[in-house]
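**Student:** This is the structure alone, sequence omitted:
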């Protein structure tokens, strides 16, 4: 993927935190009495419209945002539109940042959310410590995945990035920069927890997060590897698992295998980007194993583009697969009384409906970016998507007449900006 600063250097107020385009832009700076400028303020946003030709479900970029493009609306602005603002402070070895993002959520509202809120202490030139709400180092665009202007595409490939929609952690981390074999390296360790609102009464939580992320750079090449684990603290469809346990040992086995609460989840990611300036190529692969009905998923993509002045045509291919069955036999019904057999069949249908939401799909994308103004870009993108293996892929609001295996198109037009 193009380095985020490639798109930001044309903006007068480009700023960097810890060598990454975390702040993206500092549109304002407030000088202290000694002439220093410890305060920075900036923001970013995306205004976009999306159309999906699949009318039996809705397209979205993340499970935490019902994008409503397809069945609910012919054209939807909910999929990618967002607005973010960030306030930063830096003095001597101390710095702090607060970032607030407004985007569509599962409550069908645009309630502001604190995305980052942390304090950093630079212990030495190479070692730093942070505490608070911190960006999870998941995949290559972890620090700026919500700031569309820093991305070449309309959105990160959903096959990989929708597999783990959470983007921050409440806790601590330590980063150490070092050199070896002609490479610049940075290793990050983190501990914390994270949560996301699923409704007014339920949150999805991951407790006891522990992870390591490592990045190596040599010339125009960047390599990244991440491994994170945590324990899920969420109850999804408790009535289903309560019902399964009424059917003896086999029902108890199914409930223990597929219920979500208390399960250990792991995430592993590998990625690379090569960007000599005129063109770029990048790719990532990851695995998310929730050890529950949420699935054990592998996903990846390969993308590249070529810069022609203010124009950047690009393309990508991506795929998501399931390492566990997306349909099971469930409870045996043979020999059961009619009422019990009907109840078992209904439970089996409920379980398989949940498993059908483990995405198996592939996408081929083509797009064009036009940097028509300083700090603003227009992007057009077309995605050809095909769900497979009887699943609904990354779609939501799936209707009874949905049929897996049909290819459909997603057309997107967005304006990304920073200020």
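**Tutor:** Sure thing, it's come through. As the structure is a computational prediction, the values presented were derived from the model and not from experiment.
**Student:** Next SSE downstream of the helix or strand bottoming out on mean pLDDT in the chain?
**Tutor:** None of the helices or strands of the chain scores lower by mean pLDDT, DSSP states H and E than strand 28-30, at a mean of 46. Counting by DSSP states H and E, the next helix or strand C-terminal to strand 28-30 is strand 39-52.
**Student:** Remind me what the following helix or strand past that following strand packs against, helices and strands.
**Tutor:** Once strand 39-52 ends, the next helix or strand along the chain (criterion: DSSP H and E) is strand 58-59. Helices and strands touching strand 58-59, by 3 or more CB pairs under 8 Å, 6 or more residues apart in numbering; DSSP states H and E, are strand 39-52, strand 69-70. (C-beta placed from N, C-alpha, C; glycine too.)
**Student:** Can you give the distance of the helix or strand hosting residue 280 from its chain's centre?
**Tutor:** Taking DSSP H and E as the definition, residue 280 sits inside strand 279-289. The chain centroid and the centroid of strand 279-289 are separated by 13 Å, computed with CA atoms, centre = their mean, to the nearest Å.
**Student:** ok, that strand: who's next to it in the sheet?
**Tutor:** With DSSP bridges as the test, strand 279-289 is paired with strand 264-274 (antiparallel), strand 296-306 (antiparallel).
**Student:** most tightly surrounded among these?
**Tutor:** Highest mean neighbour count of those: strand 296-306, a mean of 20 (counted as mean count of other CB atoms under 10 Å).
**Student:** I'd like the next helix or strand past that strand.
**Tutor:** strand 311-322.
**Student:** Tell me the buried residues in that next one?
**Tutor:** Of the residues in strand 311-322, 312, 314, 316, 317, 318, 319, 320, 321, 322 count as buried by neighbour count, 16 or more other CB atoms under 10 Å.
**Student:** chain center to it: distance?
**Tutor:** 15 Å.
**Student:** same check, this time on stretch 326-342
**Tutor:** Per CA atoms, centre = their mean, the centroid offset for stretch 326-342 relative to its chain is 37 Å.
**Student:** Which helix or strand contains the closest residue to residue 336 other than its chain neighbours?
**Tutor:** Leaving aside its sequence neighbours, residue 336 sits nearest to residue 344 (CB to CB, 6 or more residues apart in numbering; 6.2 Å). Assigned by DSSP H and E, residue 344 belongs to helix 338-355.
**Student:** now the angle between strand 311-322 and that helix, please.
**Tutor:** Counting by axes from the mean of the first three to the mean of the last three CA atoms, to 10 degrees, helix 338-355 points 150 degrees away from the direction of strand 311-322.
**Student:** The helix or strand following helix 338-355 - contacts with which helices or strands?
**Tutor:** Using DSSP H and E, the helix or strand that follows helix 338-355 in sequence is strand 361-373. Contact here means 3+ CB pairs under 8 Å, 6+ apart; on that basis strand 361-373 packs against helix 158-161, strand 311-322, strand 376-387.
**Student:** Nearest to residue 151, out of the ones you listed?
**Tutor:** Comparison of the helices and strands packed on strand 361-373 against residue 151 by CB to CB identifies strand 376-387 as nearest, at 8.8 Å.
**Student:** With that, I have no additional questions.
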